[in-house]
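Visitor: let me see the structure of the following:
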Amino acid sequence: MKRLPCILTIAGSDSGGGAGIQADLKTITMLGAYGASVITALTAQNTRAVTGIHAPSPEFVVKQMETVLQDISVDSAKTGMLFSAEIIEAVGRFFPKKKFALVVDPVCVAQSGGKLLKSDAVDALVKYVFPYADLLTPNIPEAELFASMQIRNQEDIANAAEKLLSMGPKAVLVKGGHMESITATDWFVQKGHKPIPLIQPRVDTKNNHGTGCTLSAAIATGLGQGLEVLKAIRNAQRYLNLALRAGFDVGQGSGPPNHLAPMLKEQSKREHLEQLDRAGRRIMAMPGFSDLVPNVRMNLALAVPFADDENDVVAFTGGIVSTRRGDVTVAGYPSFGASVHVAKGLIAARRINPSLGAMINLRQDETVVRSLEKAGFPVTWVDAEKCPPYVTAAEGAWEEWAVYDAMQSHENPETVRAVCDHGGPGREPLVRILAEGCSDLLARLCALIDCNGAQNVC
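Guide: Have a look, this model is predicted:
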């Protein structure tokens, strides 16, 4: 087997499992690298509080570093909680001659509010660690502490980053999660360059314990795998955003991101392939379904949990067609990324209602619209006149815009289960049926066909 890159984490242990060494090793492993560790402190903590900290002697921290580096080839490293000036100085002795990329996460306070850095350690961190960082990753409070200024806006972030760069790191990533905004924006700054905003959708969750550890460990993993720094940051952001969306309650306080989220997505793909295959056979045997097939090729799409793009959406490679005799045929086979148009419509709908996991496009005429009303489907209509000029029919851009705009224009967007489109030049009138999953979608199709005139079809 090909050698895995080795990523070294130098940080404290979190007995609650959500941050520190535990979060780092989960992240490193999940992203395909080998994790080694040097433990700088033991904490007694859970999702609500840090109740105690026990630090090993600086000599023992040195012993850990020496032992790891003498035997294992380290490709990149990260620092997290370093706790005291003595430990920082001890760790810092190894950095002037390092042969690996170093990400420094200047951890000061836990998510629960517990202080993780002694007061005398701030100057030591600046003196012994910052000058050797390939990337420094402070959040807003940490950037304010080390730059000795308040940060209220983008200009303040740029000024603080310049101050931090003057302390020696090659680059700075100021994490903007603490700022009030619709999106979560981190700012990447290198000496002599303007700050680059790196934007991710903000995740509304209380389970954000260990996000800084997770992000810095993911960046270090990317650097150890040979990525350039900006690419490593973007990949790490996507991983953290997915882990936050997949988060769950562990205790009564702030839980961690779900570090296993990529694996859980991958595991669900086989199940979704099988679900779609069964749904296709059910549709072919469904009396009255041919009346709903449009002239353009239709498709049924299912999204895996926490889907990000069309590659997380399974559909039929050849779509669903109806013959002149009314026979319905599923062409091709289930495959991820098979239908860009339907998939992008579904992904757009999930931005408004993440519980939605299935979509199918049907014929749109007066009979179908009356059946939607009779079946009690919450319906919204696409207003094509609002479409911006840059939105074209290519690569599903129209479906993405149309579904999102129509849903958000509805008085109760999350209730919408049918998006109707009058059509236009080169576009057939369509109805896009939305459902939470495959079984829900099939039940809705049965109800629609029943109201369309065919009785006892399912």
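Visitor: residue ranges with poor pLDDT in the stretch 51-200 of the chain?
Guide: Filtered on pLDDT under 70, the stretch 51-200 of the chain yields the residue ranges 109-116, 118, 178-181.
Visitor: one more time with 80, if that's ok
Guide: Scanning the stretch 51-200 of the chain with the threshold set as pLDDT under 80 gives 109-120, 177-183.
Visitor: residue ranges for the strands of it, please.
Guide: 76-79, 101-104, 135-136, 171-174, 183-190, 196-201 (DSSP state E, counting those that start in this stretch).
Visitor: export the ones you listed to CSV and tack on distance to residue 305 and mean neighbour count?
Guide: Where you see a C-beta, it was placed from the backbone N, CA and C, and this is true even at glycine. Putting the strands of the stretch 51-200 of the chain into CSV (distance: least, Cβ to Cβ, whole Å; neighbours: other Cβ atoms under 10 Å) gives the following:
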stretch, distance to residue 305, mean neighbour count
strand 76-79, 29, 28
strand 101-104, 29, 27
strand 135-136, 31, 27
strand 171-174, 29, 26
strand 183-190, 21, 19
strand 196-201, 16, 14
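Visitor: next, format those strands as CSV and append distance to residue 308.
Guide: Formatted as CSV, the entries for the strands of the stretch 51-200 of the chain read as follows, by distance: least, Cβ to Cβ, whole Å:
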stretch, distance to residue 308
strand 76-79, 25
strand 101-104, 24
strand 135-136, 24
strand 171-174, 22
strand 183-190, 15
strand 196-201, 10
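Visitor: mind checking which of the ones you listed is nearest residue 49?
Guide: Distances from residue 49 to each of the strands of the stretch 51-200 of the chain were compared using Cβ to Cβ; the minimum, 23.7 Å, belongs to strand 76-79.
Visitor: now find how far off-centre the longest helix anywhere in the chain is within its chain.
Guide: What stands out as the longest helix in the chain, according to DSSP state H, is helix 261-284. With Cα atoms, centre = their mean, to the nearest Å as the basis, helix 261-284 stands 21 Å off its chain's centre.
Visitor: what helices and strands are in contact with it?
Guide: Packing contacts for helix 261-284, counted by 3 or more Cβ pairs under 8 Å, 6 or more residues apart in numbering; DSSP states H and E, involve helix 229-245, strand 300-303, strand 313-316, strand 328-330, strand 334-336, helix 438-451.
Visitor: let's see it at 6 Å
Guide: Here helix 261-284 is seen to pack against strand 313-316, strand 328-330, strand 334-336 when contacts are counted using 3 or more Cβ pairs under 6 Å, 6 or more residues apart in numbering; DSSP states H and E.
Visitor: and the contacts of the second one?
Guide: By that I understand strand 328-330. Outside of strand 328-330, the residues within contact range by Cβ atoms under 6 Å, 6 or more residues apart in numbering are 280, 284, 289, 290, 316, 320, 321, 322.
Visitor: that one pairs with which strands, and in what direction?
Guide: strand 320-322 (antiparallel) (DSSP bridges).
Visitor: what is the mean pLDDT for the partner strand?
Guide: Confidence over strand 320-322, taken as the mean pLDDT, stands at 91.
Visitor: ok, now stretch 233-247?
Guide: Along stretch 233-247, the predicted confidence averages to a pLDDT of 96.
Visitor: what residues of the lengthiest strand in the chain count as buried?
Guide: Secondary structure of the chain per DSSP state E: the longest strand is strand 34-45. Taking 16 or more other Cβ atoms under 10 Å as the neighbour-count basis, strand 34-45 is seen to contain the buried residues 34, 35, 36, 37, 38, 39, 40, 41, 42, 43, 45.
Visitor: and the residues you listed as JSON lines, adding distance to residue 452 and pLDDT?
Guide: Formatted as JSON lines, the buried residues of strand 34-45 follow (distance: Cβ to Cβ, whole Å; pLDDT from 0 to 100):
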{"residue": "34", "distance to residue 452": "58", "pLDDT": "98"}
{"residue": "35", "distance to residue 452": "57", "pLDDT": "98"}
{"residue": "36", "distance to residue 452": "63", "pLDDT": "98"}
{"residue": "37", "distance to residue 452": "62", "pLDDT": "98"}
{"residue": "38", "distance to residue 452": "67", "pLDDT": "98"}
{"residue": "39", "distance to residue 452": "66", "pLDDT": "98"}
{"residue": "40", "distance to residue 452": "67", "pLDDT": "96"}
{"residue": "41", "distance to residue 452": "67", "pLDDT": "95"}
{"residue": "42", "distance to residue 452": "66", "pLDDT": "95"}
{"residue": "43", "distance to residue 452": "62", "pLDDT": "93"}
{"residue": "45", "distance to residue 452": "59", "pLDDT": "92"}
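Visitor: quick one: the helices in the stretch 101-250 of the chain?
Guide: Listed from the start of the chain, the stretch 101-250 of the chain has helices (DSSP state H, counting those that start in this stretch) covering 121-128, 140-147, 154-165, 211-224, 229-245.
Visitor: and the helices in the stretch 351-458 of the chain?
Guide: Using DSSP H, counting those that start in this stretch, helices in the stretch 351-458 of the chain cover 366-375, 397-409, 438-451.
Visitor: would you mind finding the most buried of those helices?
Guide: helix 397-409 (a mean of 21; mean count of other Cβ atoms under 10 Å).
Visitor: which strands or helices does that one pack on?
Guide: Using 3+ Cβ pairs under 6 Å, 6+ apart, helix 397-409 sits against helix 340-352.
Visitor: orientation of the helix it packs on relative to strand 196-201 in degrees?
Guide: 80 degrees (axes from the mean of the first three to the mean of the last three Cα atoms, to 10 degrees).
Visitor: which residues does helix 340-352 contact?
Guide: Residues outside helix 340-352 that contact it (Cβ under 6 Å, 6+ apart): 299, 301, 303, 310, 313, 315, 356, 359, 361, 395-396, 399-400, 403-404, 407, 413, 432, 434.
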